[in-house]
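Participant: Next input, structure requested:
(one chain, ligands or ions: 1)
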Amino acid sequence: MYREILANNLLPSVRALKMGRGWVFQHDNDPKHTARATKEWLHKKHLKVLEWPSQSPDLNPIEHLWRELKVRIAQRQPRNLKDLEKVCMEEWAKIPAAVCANLVKTYRKLESANCGSSSSQDDEDVDGFVDLRSLPVDICERRPTCLRCCRPQKVCLCPFLPVHPLEISTCLYIVQHPAEESRALRTVPLLAACLPPGKCKVLVGRRFNKERNPELAAVCQDSRTLILYPGPDAQNLEELVQKQDRDQEDQDQDNLDRMGEQFVRAVEHNVIIIDGTWSQAKDMFLRNTLLHQPKQVQLSRSEQTSQYVIRSQPSNICLSTLECAAVTLSILERNEAIQEVLLKPLQALCSFQLQHGALVHHSKEHLIRHGMYDKQMPTNKRKIKRMENLITNQHICPR
Ligand SMILES: [Zn+2]
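Facilitator: Reported below is the predicted structural model:
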């Protein structure tokens, strides 16, 4: 969205204002400004961006204008989105041109005042928008993030990532619910940082179809594609792989008998994993018929418990997306070490968070079993059933 705004407006504005080549683009440290995708886009377009310190006072006059608009809109109390849009337009049009002119005129003086070199004469001139300046301004507290692991630089987890991306033949497609993208403690960026870029693709959205997602549609039609989803028809992944290995051995023996040579080739799978809470994942699966095409697989209900202890899992056997991917890859690649490598950054993330005051989140199942579940028990029959299922491990879920 932000990139779209920039693409449609930035260069046309530069041309309209006849700014030539010597200009520098300025935005602050708002998360969408500092997002990796935005940085990459700006870099690709060779746009020079002014370095902006975090927690700096707002020197940008437009921020004061936004504030003016916000105050005006709040007074009108819009009731819905449509209303809000209308009020925005009306109030924007009503802001006197003199307010903008004043903001621009006093910009230099405000800047020098901020640098501590203001004279009393300057102060008088700045009075023009003293009212605006006294309004509380949102200070962006976003810390600079590491481009590889997407964690704040101070708590970068790169030392726990493999030096080189893991060599794998499986291709992962993470179909991610949009709410997951904005969580602070996400595990998918860590997963992506451990794998070659072409082997871990993240698609964010709720709805997927052939028109908008031709690549995903093609992958779903591919017979080698598996989807990690514990539906009633889901097959145990380990058993599936063992069967494939047996078939392969038979086939190899046939080839050997017939032609005297041996072919060894394991099937290279694509795996789709839905990233979201259990109910989001279920909803995304049910609404996207595309996802019904691949063979459904699930992980065995072994003694695995989630190591992602700082986030509540509904059941003891539920795993985070990163853990699901780690187990899946180690099974498909017939390589236990993969799981170890992928879980290292997760363990580091959790131990760091725990050292800094995070609490261990027991699963809902654990809480219910040990009489520690302090929320009101549901009255709805379906919900009670779901809770019973949790305790009796009737259903395994993706997280
Ligand atoms: Zn890092």
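Participant: contacts and neighbour counts: CA atoms only from here.
Facilitator: Fine.
Participant: Quick check: longest helix in the chain by residues?
Facilitator: Among the elements of the chain assigned as helix by DSSP state H, the one spanning the most residues is helix 237-259.
Participant: Can you pull out the residues in contact with the helix or strand following that one?
Facilitator: Per DSSP states H and E, helix 237-259 leads on to strand 270-275 as the next helix or strand towards the C-terminus. In this structure, residues lying in contact with strand 270-275 by C-alpha atoms under 8 Å, 6 or more residues apart in numbering are 170-177, 180, 219, 224-229, 281, 284-285, 321, 325, 398.
Participant: ditto for stretch 234-246
Facilitator: Ala266, Lys295, Gln296, Val297, Gln298, Leu299, Ser300, Thr328, Ile331, Leu332.
Participant: Try it again at 7 Å.
Facilitator: Stretch 234-246 has contacts (C-alpha atoms under 7 Å, 6 or more residues apart in numbering) with Gln296, Val297, Gln298, Leu299, Ser300, Ile331, Leu332.
Participant: Convert the C-alpha atoms of that stretch to PDB, please.
Facilitator: C-alpha atoms of stretch 234-246 as PDB (Å, rounded to 0.1, in the frame of the first residue of the first chain):
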ATOM      1  CA  ALA A 234      -4.900 -36.200   6.400                       C
ATOM      2  CA  GLN A 235      -2.200 -38.800   6.200                       C
ATOM      3  CA  ASN A 236       0.700 -39.100   8.600                       C
ATOM      4  CA  LEU A 237       3.700 -37.500   7.000                       C
ATOM      5  CA  GLU A 238       6.200 -39.900   8.300                       C
ATOM      6  CA  GLU A 239       4.200 -42.900   7.100                       C
ATOM      7  CA  LEU A 240       3.800 -41.300   3.700                       C
ATOM      8  CA  VAL A 241       7.600 -40.800   3.400                       C
ATOM      9  CA  GLN A 242       8.300 -44.300   4.500                       C
ATOM     10  CA  LYS A 243       5.900 -45.700   2.000                       C
ATOM     11  CA  GLN A 244       7.500 -43.600  -0.700                       C
ATOM     12  CA  ASP A 245      11.000 -44.900   0.200                       C
ATOM     13  CA  ARG A 246       9.700 -48.500   0.000                       C
END
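Participant: and it, how far out from the chain's middle?
Facilitator: Once both centres are worked out by C-alpha atoms, centre = their mean, to the nearest Å, stretch 234-246 turns out to sit 31 Å from its chain's centre.
Participant: Near the ion, which residues of this structure are found?
Facilitator: The chain has residues Cys146, Cys149, Cys156, Leu157, Cys158 near the ion, with proximity defined as C-alpha under 5 Å from the ion.
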